[in-house]
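Asks: build me a structure from this.
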Amino acid sequence: MSHYYFHHPARLSLEEQVNRISTCKMVRSMLWMNIGTLFLIPILDLIFDDMSYRVWILLLIFVGMFLYVCILTWLTGHWNRRKQRMELSPIINVSIMILSSICVISFYLNVFGGVGGWRLYLFPIGMSLLVLLITIILAVTKHRRR
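Replies: Just a heads-up that it's a prediction; the model follows:
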């Protein structure tokens with residue numbers, strides 16, 4: 001019986017879950033990217049007078065990516081007791097980096113490439129929804145096995 005309690009800890013409160021999620025390196029790096037974007041956007045807006053709404057889309061992209069990374073960390077992250085932080089699997093880390101790169105390329109094409117509209121962002125949104133759907137299915141099946 002003690003084996004069960006050592007390997008299956010009690011449910012964490014919402015505050016404890018948020019604290020654990022905030023220890024993940026990917027979540028922290030996305031937060032710093034958001035803060036950097038907050039300082040970068042007004043500078044770009046001053047330099048390029050005619051791009052007011054297109055430049056601000058970058059902030060929307062990074063906030064969405066931050067929330068996306070938080071959800072993935074909550075669903076798939078595991079707590080490393082030795083390092084005292086949440087960690088993501090390498091596959092999830094690589095998929096987040098690829099998705100971030102695709103979003104930046106879409107932003108660049110939107111602002112500097114002259115391609116307008118939201119159609120550039122359909123592929124990154126579709127890819128992120130597919131990864132999120134697969135992650136949710138894996139998390140549910142893993143939870144059902146316990």
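Asks: quick check: residue 17 vs residue 99, distance?
Replies: 23 Å (CB to CB, to the nearest Å). The C-beta positions use only the backbone N, C-alpha and C, and glycine is treated the same way.
Asks: among these two, which residue is more densely surrounded?
Replies: residue 99 (19 against 15; other CB atoms under 10 Å).
Asks: buried residues in stretch 82-95?
Replies: Going by neighbour count (16 or more other CB atoms under 10 Å), the buried part of stretch 82-95 is 85, 86, 87, 88, 92, 95.
Asks: residue contacts, the third one?
Replies: In this structure, residue 87 makes contact with 24, 25, 77, 78, 79, 80, judged by CB atoms under 8 Å, 6 or more residues apart in numbering.
Asks: now intersect those with the strands, please.
Replies: Counting by DSSP state E, the contacts of residue 87 place 78, 79, 80 in strands.
Asks: just the buried ones among these, please.
Replies: Neighbour counting with 16+ other CB under 10 Å marks none of these as buried.
Asks: please enumerate the strands of the chain.
Replies: Counting by DSSP E, the strands of the chain are 78-80, 85-87.
Asks: circling back to that earlier point, and the buried residues of stretch 82-95 as CSV, adding pLDDT and distance to residue 114?
Replies: Below are the buried residues of stretch 82-95 laid out as CSV (pLDDT from 0 to 100; distance: CB to CB, whole Å):
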residue, pLDDT, distance to residue 114
85, 87, 43
86, 88, 41
87, 85, 41
88, 83, 36
92, 84, 34
95, 86, 29
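Asks: I'd like the residues you listed as a markdown table, with distance to residue 132 appended.
Replies: Converted to a markdown table, these look like this (distance: CB to CB, whole Å):
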| residue | distance to residue 132 |
| --- | --- |
| 85 | 22 |
| 86 | 17 |
| 87 | 19 |
| 88 | 14 |
| 92 | 11 |
| 95 | 10 |
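Asks: any idea which of those is the one closest to residue 61?
Replies: Using CB to CB, residue 95 comes nearest to residue 61 of those, at 16.2 Å.
Asks: could you measure from the closest one over to residue 16?
Replies: Per CB to CB, residue 95 is found 26 Å from residue 16.
Asks: equivalent analysis for residue 89, please.
Replies: For residue 89, the distance to residue 16 (CB to CB) stands at 22 Å.
Asks: also residue 128?
Replies: Residue 128 is 27 Å from residue 16, by CB to CB.
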